[in-house]
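Novice: Sequence and predicted structure, then a few things I'm wondering about:
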Amino acid sequence: MKLLMLGGTEFVGRAITEDALERGWEVTVFHRGHHAPPPGTSALHGDRTLPGGLDSLAEGEWDLVVDTWGGAPTAVRDSAHLLAGRAGRYAYVSTRSVYAYPAPASPDAPLVEGSPDADSVAYAEDKRGAEIAAVDAFGERALLVRAGLILGPYENVGRLPWWLNRVARGGPLLAPGRPGLPLQYIDVRDLAHWTLDAARAGLGGAYDLISPLGHATMGSLLEACAAATGVPLEPRWTDQALIEEAGIQPWTELPVWIPEGEAHTHMFGGDATRALETGLKCRPVEETAADTWAWLNSLGGVAPQRSDRPAPGLSAEREAALLGL
């Protein structure tokens, strides 16, 4: 198989690239040159946001293109149309955020509006416009990978790295809500493996890439962080009303966590059946935490942070104030 990876140097793109290399595939990475791609790839350079940015893709044929773009849909539109006659399939890594709020996100739920010709509007609308662009160019040969919360090695958003570093610091820890609160996520390597399997099998259309209900909870995630770091967990489970009264923000100051209610159901109440029936396998949360901790240690404990995302996490001072320490 010949893979053209649009991106391929960070987080999801890197995991997909490495999985393809492990299969013995021939991988070409198209990127801006800001980060080194994995060894064993061929590199083409270009910036999809600039005039002439796709010039290095004017020639070449591939069995599969994988695209993780999250900006203006026009970049996916232009790439997909340029490659439609020279690539077998196009897998676009999208997001379950394309499902209209507040209905539980599922394959049959209504979608947000989006246009392939739009400049960047907002994350969900941009991703939906890019989905439309991929389907416009490739039709049934387009695979839409609607990922949920993505965790694992190479994470450049900072959610799991923050919890791992916080647990490693030790001491009483603000544990939000209740330990049995369900979580749904996808390990980046499980997403990568399923995506390449599905594309090679000729699958098309939209699939939700999330772990099944019951795969993990807020409690099991924190316990996995403690097991990975080797530091005893001292959770102080705190009612969500007290967290709200303190002005502490879910998801950003307390990464991964969303209080019980409408927003939690929308994010963590999805149906993974279609992906599971087509081969998705989700590794235990303990493995995700352990491997992410090992990767963090290889970087001196400091994970890379995307420039377009604020670093998540709660300050030690605000945590101590709520816990009365």
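Specialist: Perfect, I can see it now. Residues are numbered from 1 along each chain as shown.
Novice: so where do the strands sit in the stretch 151-300 of the chain?
Specialist: 172-176, 182-183, 186-187, 205-209, 216-217, 234-238, 250-251, 254-255 (DSSP state E, counting those that start in this stretch).
Novice: Using a markdown table, please lay out these together with mean neighbour count and mean pLDDT.
Specialist: Backbone N, C-alpha and C define where each C-beta goes, glycine included. Listed next are the strands of the stretch 151-300 of the chain as a markdown table, based on neighbours: other Cβ atoms under 10 Å; pLDDT from 0 to 100:
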| stretch | mean neighbour count | mean pLDDT |
| --- | --- | --- |
| strand 172-176 | 20 | 98 |
| strand 182-183 | 21 | 96 |
| strand 186-187 | 27 | 98 |
| strand 205-209 | 21 | 96 |
| strand 216-217 | 22 | 98 |
| strand 234-238 | 16 | 98 |
| strand 250-251 | 16 | 96 |
| strand 254-255 | 24 | 97 |
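Novice: Could you work out which of those reaches nearest to residue 72?
Specialist: strand 205-209 (20.9 Å; Cβ to Cβ).
Novice: Output the contacting helices and strands for the closest one.
Specialist: Packing partners of strand 205-209 (3 or more Cβ pairs under 8 Å, 6 or more residues apart in numbering; DSSP states H and E): strand 142-147, helix 188-200, helix 273-277.
Novice: partners of that strand, with directions?
Specialist: According to DSSP bridges, strand 205-209 forms sheet pairs with strand 142-147 (parallel).
Novice: So for the partner strand, mean pLDDT?
Specialist: Strand 142-147 shows a mean pLDDT of 98.
Novice: and the longest helix for the chain?
Specialist: helix 123-138 (DSSP state H).
Novice: got the buried residues for that helix?
Specialist: Neighbour counts over helix 123-138 (16 or more other Cβ atoms under 10 Å) mark 124-135, 137-138 as buried.
Novice: where does this protein dip in pLDDT?
Specialist: 104 (pLDDT under 70).
Novice: Out of the strands of the stretch 151-300 of the chain, which is closest to residue 3?
Specialist: strand 205-209 (18.3 Å).
Novice: And for residue 39, the neighbour number?
Specialist: As a burial measure, residue 39 scores 7 neighbours (other Cβ atoms under 10 Å).
Novice: which residues are contacting stretch 250-259?
Specialist: 149, 151, 158-160, 162-163, 174, 176-177, 181, 183, 185, 218, 221, 240, 243-244, 248, 263-264, 267-268, 310, 312-314, 318 (Cβ atoms under 8 Å, 6 or more residues apart in numbering).
Novice: quick one on the thing from earlier: including distance to residue 108, could the strands of the stretch 151-300 of the chain go into TSV?
Specialist: Output for the strands of the stretch 151-300 of the chain, formatted as TSV (distance: least, Cβ to Cβ, whole Å):
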stretch	distance to residue 108
strand 172-176	31
strand 182-183	21
strand 186-187	20
strand 205-209	10
strand 216-217	24
strand 234-238	35
strand 250-251	25
strand 254-255	29
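Novice: ok, back up a step: in a markdown table, list the buried residues of helix 123-138 along with distance to residue 88.
Specialist: Shown next, in a markdown table, are those (distance: Cβ to Cβ, whole Å):
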| residue | distance to residue 88 |
| --- | --- |
| 124 | 29 |
| 125 | 29 |
| 126 | 26 |
| 127 | 23 |
| 128 | 24 |
| 129 | 23 |
| 130 | 19 |
| 131 | 19 |
| 132 | 20 |
| 133 | 18 |
| 134 | 14 |
| 135 | 15 |
| 137 | 13 |
| 138 | 9 |
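Novice: Nothing else from me, thank you.
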